[in-house]
Every structure is written in structure tokens, then in C-alpha cells.
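Peer 1: Generate a structure from the sequence data that follows.
(2 chains)
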Protein chains: 2
Amino acid sequence: MSILLHIDYGSKTPVFKQITLRVIELINSEVLTPGEKLPASRTLADQLGVNRSTVYKAYQELWALGYIDSTPGSYSTVRSRAKLVSDGDRSEPSLIDWHRQCRTAQSDMGDVYREETELTAKLYTRAQKCGHTPAVIDFTPLVPDKRFFPVDEYRKCVGEVYTQRGRELLGYGDPKGYEPLREYIAERLQLHGVHSSTRQIMITSGAQSALSLIFTAYTSPGEKVVVESPTYSRAIGLAKLHGVELLPIEMHDEAMDLEQLKQVVADEAPSLIYTIPNFHNPTGITSSQRHREALLRIAEGYQVPIVEDGFEEEMKYFGKAVLPIKSMDRRGIVLYVGTFSKVLFPGVRIGWIAGDETALDQLTALQKFSQLAGSSIDQAALNLYCRRGHYENHIKRMHRIYRTRMQVALQSLDEFLTGTAVCWTRPAGGYTLWLHMSGGSFEEEEILHNIAAQGVLVSPGRFHYSNGSQGIAFRISIGAVEEEQIKEGIRRLAGALPSGPA
Amino acid sequence: MSILLHIDYGSKTPVFKQITLRVIELINSEVLTPGEKLPASRTLADQLGVNRSTVYKAYQELWALGYIDSTPGSYSTVRSRAKLVSDGDRSEPSLIDWHRQCRTAQSDMGDVYREETELTAKLYTRAQKCGHTPAVIDFTPLVPDKRFFPVDEYRKCVGEVYTQRGRELLGYGDPKGYEPLREYIAERLQLHGVHSSTRQIMITSGAQSALSLIFTAYTSPGEKVVVESPTYSRAIGLAKLHGVELLPIEMHDEAMDLEQLKQVVADEAPSLIYTIPNFHNPTGITSSQRHREALLRIAEGYQVPIVEDGFEEEMKYFGKAVLPIKSMDRRGIVLYVGTFSKVLFPGVRIGWIAGDETALDQLTALQKFSQLAGSSIDQAALNLYCRRGHYENHIKRMHRIYRTRMQVALQSLDEFLTGTAVCWTRPAGGYTLWLHMSGGSFEEEEILHNIAAQGVLVSPGRFHYSNGSQGIAFRISIGAVEEEQIKEGIRRLAGALPSGPA
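Peer 2: Predicted structure coming up:
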């Protein structure tokens, strides 16, 4: 075998790794076949002129990776690695009818987002063939740009908590969350006018987990939840899963229609009101302080808890701050949901709920039995990152970047879409804008395909409505698209949309 | 203020940190009071003879920690930090009756473990006053000893994935879990005779999350689930939460009673059979291959899915390997649950389910809407740790340690408890042993108090029964107790227990 191995001593790749990689290559290309003996490590080491421990290390890695079998005192042999998957494939069909077995409201939960997955894949394929450079400008992901993930500072904090307190923090944590981080969140919320104590905050595995706990605790199948229309698509999926009926309240230019809300709450006795008052997903609309007060008063009047989704609270670029509904909540009626994922990176699976202590006790118990507790060490690393001022600095940096991006988006829309049938929102923060077409007899699917044919991907309006599309609309997110491409993407959009009077 | 600050230039603590800590001390001891001005950073720097940036850094940290307010171009002032909590305390009682609002089967979920929490606290207080040294020998936590957490190797793997692939891995991950880790788990399961493909494995936030997903997907309130009696206490809590009725099957010395199982399955048509065949929690009993086959046959006959909890699969110390029920599952009837938490450390919130692909699709969708996805970077770090052979080596090390501990426990029981009214199990692996008293007219509570009075804590039998205590029994876990203390703890136990013929 040694003649098949060429060691490059000038390479930065360690020699043992070179051996490992080359052997894998030989196995994958079937030059070495299952059952074949590898040379003894001493023999191969002599032939290659390397230390025996180097070969030994390579063999160990190959063994760990499942490429070779090894018996003490005997030769290592190439392992039949493919067997694994094919064994699984050969198993008989299940004796259990899992669809009948499934008790959730949506037994084939894939259905909840199958249409979404399929349409997205179709549009992506279309976009790739557009012939432009760059081929695809993707306005769909509602995430911060990974170029700005503060990886280095964060890594240092992670390293420090492992080094200094690893042994202590790797045990089971508090199901309510790491207390110093809860305290930090409480302090941070004060900046937004929310005065929750540390005990009134629990940490969750991101905002989605917070919403899931709240739905599990406070809704039953057949019950009703008020949502804005359009709303966050994963909240629609969550409701379907729970067999909960959604009551969509129309979004006007400023916020949801309060007259309609009052009527619906009076008539339908919903279990919850779910709202995203800041940089609303998908429209980007921010409601006014006055609107928030009125909404709170309606909820108080009918004693319906409000779930306030503040997922982008920190990402305000323009105008005067509008404080969360929670900041006015004197009667413990608002469950406020927040997250670090939309400012730092999605991989930090840390969000929170601020709310009444009785409710938090229930939600904490639910979390305890759902997953015992989150990772204390992850929460401690985030806490250190925040306490050092990095979070604050990162927010400032993100504001600079996204204020400009949002400006570019709005300027480009003004430049390329003024005078067409398309209207759009002018968000004061966050990552998303909402485009909708007034009048005309267009098909949403057709328009989406036209847009994709220009190499642009947008999030179809229909994903954001609980009751099917209301006219033609779509969301564009500037989270992961840089300035030049925002401009280019919107220029292309204009070419794909039917022109006509707004 | 400067006269109150003494900088120790010989200290390892950085100067800015010294300033920070001292100011916090002065605020906490009310030498500096809310509203009080701090000296300008330049002034203080001159007075202390340090660089201005040092003072600036200290002030920044104090601000981040919420100890001072700061207005650009003006003085920093001491902040009224206590206000935070008291504000929360002052809020009016909630307008929502959260107990009525709560829809889970157990509206006051605290009840599920309130008795447990209270009794545990009471016994702990009692133990602390025992007068022995060490005061408390705690046989309750079912966790590996933190002295053996492989923190350093693990930290290196975490650091490497951040450094090399942080930007990529901190986005949203696959709701089914990081594929290379799923592949590793598939390979590892092969060692236990389980041939699942990578697609037949999903990663969860620990084993508890796996059980919670399975209960959510496959049980409804009022339905029934078979469990061993006694069983894992958090599975009992989970069932209560879901409003599921448990059907307890008595554990004999070798495993659960199959005659009773057959009868119950035929009569009650349970939705699931939950079993822990290896080092059963709490008894430590391992069922035989023959028993597993018979159990599988019963489940197949009645088409009831088996949930096989393999939480300590890797921790076998004595005797011949018994392969999981899953290894014989040709008909996709077994959902196998595993975890890394009981070998590495609880803080690694990573477990998995191996099972039929249709079922996994359902569970993955459920996970997607419950928390979007787990942390890819955590999963990638674990994968790297495993691929390097560290996991394998760590398991070997743990075997050496815990084989000895288990031997010490068994020898001590033989030495101190032979001839008493107490019987015990002889586990072949894992962390737990089960002691029970035959005959006699003892009160469990009284015995627990006697044990605590000797400075020993055990896990009361009643926590492990879904239908109340069956005789007097308790679990001891050797996970976090070292050899000498195991011996001493069991010696003390003997003194606390009523003597008499076995």
C-alpha cells in the first residue's frame, strides 16, 4: 500500500492526517476493498520513513471514523462501511402505522411546511438558471449576516467559562435558566422600560421554544388564538400542530385593526393574543405607543393574555423608541418573548420569557419535564459575553450596518418601483420589508416564478397567512444580503413585476 | 473616591478589574449611594496614577453590570440597582388566573415534584446536622462525578469548531441534528448490534427531550402507557403532565413481569410500552436477551410501539453484553432513546432517538416547531470529540472507575447489611442500586429520616412509583460519591436501618 501513499512534508496538513485522508480516498475509490489487510503500523512506518506513532495515530483515526476494523494483536482490515445504511434500507416496513399512531392535531406534520419546502426548492432551482451574476440574491432568510457573527469574541468567552468553571457548569442547570444571565436580561429589559425581576424571567431554547411552551401550557386543541394577518409563519405551524384555530386580525399600515380585534375577542373568547409590535414579521411595521396602550386595554378588559414577540427589539435604526407593551403591563397579563438569535447568531439557542411568576412557574415546570434544563455553560458564556460589554458593542455595530442596508433597500424601492402596482412598508428596524400589489389580476405563483427567473428569492406572502393569501404580497429580508446586492436584487425585482399605477 | 481605592500592582487581578470590584463593594456597602457622582475618568486616573483607558474600562464594566448610569459628556452616577427587583415585587396581582388558564393535565405542574422537592430539602437539612465528617454523603444524584468530566479535551474541541467553522455552524441547523454526529451515533450503535442508518437517527436536547417529543407525538390525555414499576421518576412526571395514565408492571429480580405485561397490553390497549432494559432506573436491573425477545414479541403481537430507554447503554462493567431490544427490531416498532449526558456530563444536552423513518419525520417536525433546531456548533464539537477517539477513551476510563465503585458498593452492602431485613440488587453497570426491605412494619418516612440523621441521602422509593410506594425501598446512586465515601455511607446506612432477618 505504501506505494500508493505520498507524504508531502512541506504541507501544513500533519503527516498522520495525510495518511488518514489518503487511505479514505483509496477506500472510497475502491482501490482498497472491504476485508483487505492494511500493513502493520511498524511496516508502513518503515516504508514511509515516518515515526510508527504517526501511522498508529492515523489508524486510530481511521478506526474511529469507521473505515477500518482492528483486532488487538492482528492486522487492521478495511471495513465494509456502506453496510450501515443498506442494512437500514433493507428493514421491513414498520409494523406500526405511525400516521394513525400520531396524536398531534397534524399527524403528518411534514404537511405543515411541505408546500413551503417544495415551492422554495422549485424557486431556488429556477433562480439558479437566471443567467445573472450573482445567480441568486436570496431575500428569504430572516437571520443576521454570518459575516458579522462575533465569532472571535464569543469563542473567547466560551473558552473562558470552560477553563475557569467547566466542571461546575457542565452539571445539570436550573430549568429556569442560569441566574446571572436572567439578571442581565432583566437589566437589559430595563433599557426598554420593562421592569421584570430576575425571578420574572426564564430562559428558553430560543424564541420558538418560548412560543411552543406557551402554546402547550395555555391552549388546547379546538381553542382559538388571535394573530396578526399576516404573521410569523412558524407560529402558524405551531398552532396547526396544537390543533389551535387562529383568528387573523388584519394588519393596517400602522398595526393590527383594533376594532376588528375588539369584536373578535368579544365574540370568540380566544385563549391568547399573539402580537409582534416591533418590526413585525413579515411586514416590518412598528405599532405606536398609543396603539399598544389600546391593545393592552382590550386584552385587560377581556382578561386575555398577550404574547408579545419582541424578537427584534434591539434592532431599531430610525425614529423614536416605542416601548414594549410589557412596559405598560401592571397586571401581569403580558408574556414577553425575547431572543439573542437575531442579534448575535441563530446558533445561540437562547431566548427568554418575561412574565407573571405564576405563569413562569408553570412554564418552568413544563420546560423541566420537556428537557430538564438548558445548557448552563452556553448560558454562562453568553452572560460573560454580555457582561463584558460585547453585546452592547455588537448591537451598535449591527445598527450601523443594518441602518445603511435598510436605507439602501428603501432608496432602491423608491428608485425602481415608484409608479408600479407595488406598495411597500418603511420599517424603522429589523430585517424585513413587505411588498404587496394593489389592484391588477395577477397570480402569486406566476409572479414568484417571474421573480425567481430574475435570480431573486423572496418569501411568498401565503406562508405568512393562516387563512391563505390575501392578495399578492411577499417579504424581503435584508439580513443576509449586502448593500450592493440589495440594490441589484430590487432592480431585478422591478423587472419581474408587472408595471402599472400604484 | 480615590482615597477609597487601593490598587495592588503586584496582584494578578488586572487594575481595571480591581477598580470595578472595589466600586461594587463600595456601592453594596452603601459607602457610595444612588445618585452619587463618580469622578471623571481622567481625574480618577490621575489620582490613582493609572492610564485613563484603565478607568474607562472599569466604568464600562460597571455600566454593563448595571452599577452606574452614564450620560455622554457628563458624570457617571451610582445607579439605584435594587429598584429592579422591588419594582417587580410591587406589581399588582395578575389579572389572569394562570391556574385556570393552564391547559396541561397538571395545571399546577409544580405539584408533580413539589413533594419531592420538599422532602429532599427536609432530609438534606437533617443530614447536615448529623455530626459526622463528612456531614453529608449524597447518594441521590444520578450523574457522573464532576471530577471526571473530560473538560479539557472537550474544551479544545469546542474551541476548534469555533475557530475553524464558527461562522458556518452558528446559523440555523438541521432540525434532525448535525449529520456527521448522526452518522457517528449510527456507527456507535452498531457496536451494540443496532443497525440504524443516519436517516433513522435524530438528535434531541438530551434524553428527556426525546421522551417528551415521543409522549407529545404518540399519546393523548386519557390514554395509557406501560411502565416498569418502579421506573424513571421524570417519566412519571412527564406522563402526569400529558394527562396520560400509567400502567405499572411489576419488576421482578430479573426484569418486568411478562405475564402481567401480556395481560395488561391485551386488556388496556396502551399507546406505548416504556422500558429501561439496561441498568434500569432506579433498580439497576439488566434484563436478559431472552426476556427482551419475549417483550418484543408481545409488543409486535399487539402492535404497541416500545420506547427503549438506553440512557446508560455504554456503562456496562460486568458480565456478557446484552444487546438492546432495538437490535432485534426488524419491524420498526422500537423507538430507541440514547444520550451522551450520563457518560460525559449532563451539560452536554445531546441525546437521540433511533427509529422508523416515518416516526422520525413526525418527531423532527415536532422538534422543528418546538425549538427550530438544536445548536449545530455544540453538536459539531461533540462530533469532533467523538471522532478523535476521546469518547471511546473516556468510556474506558469511566468503566475502570465505576467498576471499582460498584464493587465497593456491593462489597460494603455484603459487609454491613447481610443478615438485616434489607435486600439489594447487584447491577452489572450504571450508577444505581436499589435497596428494599422485606417484611417488618416500618414507615418509609421514618426510615428516610433515620438515614438522613446519619448524614446519608438516598432517593426515596416513592418517587419512582407511579402508583405510590410499594413497600419500603430506596435508590442509591454511586455516580457522584467516591469509593471511601461509598463504604462509609453504606456503613452509616446499616446503622440507620432496622436490623432483622432478611
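Peer 1: Which residues are in contact with the residue nearest to residue A:318 when sequence neighbours are not counted?
Peer 2: Leaving out its chain neighbours, the residue that sits closest to residue A:318 by CB to CB, 6 or more residues apart in numbering or on different chains is residue A:428, at 4.6 Å. Backbone N, C-alpha and C define where each C-beta goes, glycine included. Going by CB atoms under 8 Å, 6 or more residues apart in numbering or on different chains, residue A:428 touches A:279, A:286, A:316, A:317, A:318, A:319.
Peer 1: Low-confidence regions, the stretch 1-150 of chain A specifically.
Peer 2: Filtered on pLDDT under 70, the stretch 1-150 of chain A yields the residue ranges A:1-3, A:64-66, A:71-73, A:80-92, A:105-112.
Peer 1: which residues of it fall in strands?
Peer 2: Listed in chain order, the strands of the stretch 1-150 of chain A (DSSP state E, counting those that start in this stretch) span residues A:68-70, A:76-78, A:137-138.
Peer 1: Surely residue A:378 and residue A:347 touch.
Peer 2: No - with contact defined as CB atoms under 8 Å, residue A:378 does not reach residue A:347; the gap is 9.9 Å.
Peer 1: Give me the most central residue, chain A.
Peer 2: Taking CA atoms, centre = their mean, the centroid of chain A lies closest to residue A:346, which sits 5.3 Å from it.
Peer 1: how close does the residue of the stretch 401-502 of chain A at minimum distance from chain B get to residue A:347?
Peer 2: In the stretch 401-502 of chain A, the residue that lies nearest chain B is residue A:480 (9.1 Å; CB to the nearest CB). Here the distance between residue A:480 and residue A:347 works out to 14 Å (CB to CB, to the nearest Å).
Peer 1: Give me the next element, helix or strand, following the helix ranked longest in chain A.
Peer 2: Ranked by number of residues, the top helix in chain A under DSSP state H is helix A:390-417. Downstream of helix A:390-417, the first helix or strand assigned by DSSP states H and E is strand A:422-424.
Peer 1: I'd like to know which elements the following helix or strand past that following strand is packed against.
Peer 2: Following strand A:422-424 in sequence order, the next helix or strand is strand A:432-437 (DSSP H and E). Where contact means 3 or more CB pairs under 8 Å, 6 or more residues apart in numbering or on different chains; DSSP states H and E, strand A:432-437 is packed against helix A:390-417, strand A:422-424, strand A:472-477.
Peer 1: ranking those by burial, who's on top?
Peer 2: For the helices and strands packed on strand A:432-437, the largest average neighbour count (mean count of other CB atoms under 10 Å in any protein chain shown) is found in strand A:472-477, namely a mean of 25.
Peer 1: Please see if that one touches chain B.
Peer 2: No - Strand A:472-477 lies out of reach of chain B by CB under 8 Å from any CB of the partner chain, never closer than 13.2 Å.
Peer 1: so can I have TSV of the contacts of residue A:428 showing pLDDT and neighbour count?
Peer 2: Formatted as TSV, the contacts of residue A:428 follow (pLDDT from 0 to 100; neighbours: other CB atoms under 10 Å in any protein chain shown):
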residue	pLDDT	neighbour count
A:279	96	25
A:286	96	26
A:316	94	22
A:317	95	19
A:318	92	13
A:319	85	9
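Peer 1: Next, see if the longest helix of chain A gets close to chain B.
Peer 2: Yes - counting by CB under 8 Å from any CB, chain B is contacted by helix A:390-417 at residue A:392.
Peer 1: gap between that helix and the chain center?
Peer 2: Relative to the centre of its chain, helix A:390-417 is centred 20 Å away, using CA atoms, centre = their mean, to the nearest Å.
Peer 1: re earlier: how about the strands of the stretch 1-150 of chain A, which one is nearest chain B?
Peer 2: Of all the strands of the stretch 1-150 of chain A, strand A:68-70 sits nearest to chain B, with 11.1 Å by CB to the nearest CB.
Peer 1: Which residue does the stretch 351-500 of chain A have closest to chain B?
Peer 2: Relative to chain B, the nearest point of the stretch 351-500 of chain A is residue A:365 (3.3 Å; CB to the nearest CB).
Peer 1: you'd agree that residue is in a helix?
Peer 2: Yes - per DSSP: H, G, I helix; E, B strand; the rest coil, residue A:365 lies within a helix segment.
Peer 1: Model confidence for it, exactly?
Peer 2: On the pLDDT scale, residue A:365 is placed at 88.
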